[in-house]
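**Student:** I would like the atomic coordinates for the input below:
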Amino acid sequence: MSTNNEKFTELCTGYVVGALNKGEEREFLAMLAKADEDQLRLYDDMKAIASELAVLTKAEEPSASVKQSILSIIEEKSDSGNSAEKASIYSFTQFKR
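**Tutor:** Next up, the predicted model:
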């Protein structure tokens with residue numbers, strides 16, 4: 001496999017699961033626009049696999065303590081009145097950008 005194909009595969013994998021940053025996404029879309037037949041087939045296969053994974057993944061309910069913690073943060077942020085501090089998904093994770 002050529003270096004270009006390895007890079008395409010790597011970026012394709014990240015793209016179909018939404019894991020690329022903006023620069024990587026632009027790079028992949030540029031590569032996709034020039035993709036050969038094998039790369040397009042790989043892209044279609046990767047999209048299908050990502051879709052199947054989403055359907056096959058079992059939905060999990062948070063434990064009562066986690067659910068209460070999340071609801072408390074939402075309530076706290078809502079009561080603050082400061083729209084800049086409204087709760088967001090990043091309030092609940094350590095992966096803030």
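
**Student:** could you point out the longest helix of this protein?
**Tutor:** Assignment by DSSP state H gives helix 37-56 as the longest helix of the chain.

**Student:** report the buried residues of whatever helix or strand comes next after that helix.
**Tutor:** Later in the chain than helix 37-56, the nearest helix or strand by DSSP states H and E is helix 64-79. The neighbour-count check on helix 64-79 (16 or more other CB atoms under 10 Å) flags residue 77 as buried. Where you see a C-beta, it was placed from the backbone N, CA and C, and this is true even at glycine.

**Student:** dump the C-alpha coordinates for helix 64-79 into PDB.
**Tutor:** Below are the C-alpha coordinates for helix 64-79, written out as PDB (Å, rounded to 0.1, in the frame of the first residue of the first chain):
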ATOM      1  CA  ALA A  64     -28.600   7.000  39.100                       C
ATOM      2  CA  SER A  65     -25.600   8.900  40.600                       C
ATOM      3  CA  VAL A  66     -24.300  10.000  37.200                       C
ATOM      4  CA  LYS A  67     -27.700  11.000  36.000                       C
ATOM      5  CA  GLN A  68     -28.200  13.100  39.200                       C
ATOM      6  CA  SER A  69     -24.800  14.700  38.800                       C
ATOM      7  CA  ILE A  70     -25.600  15.700  35.200                       C
ATOM      8  CA  LEU A  71     -29.000  17.100  36.100                       C
ATOM      9  CA  SER A  72     -27.500  19.000  39.000                       C
ATOM     10  CA  ILE A  73     -24.900  20.700  36.700                       C
ATOM     11  CA  ILE A  74     -27.700  21.600  34.200                       C
ATOM     12  CA  GLU A  75     -29.800  23.000  37.000                       C
ATOM     13  CA  GLU A  76     -26.900  25.000  38.400                       C
ATOM     14  CA  LYS A  77     -25.900  26.400  35.000                       C
ATOM     15  CA  SER A  78     -29.600  27.300  34.200                       C
ATOM     16  CA  ASP A  79     -30.000  29.000  37.600                       C
END
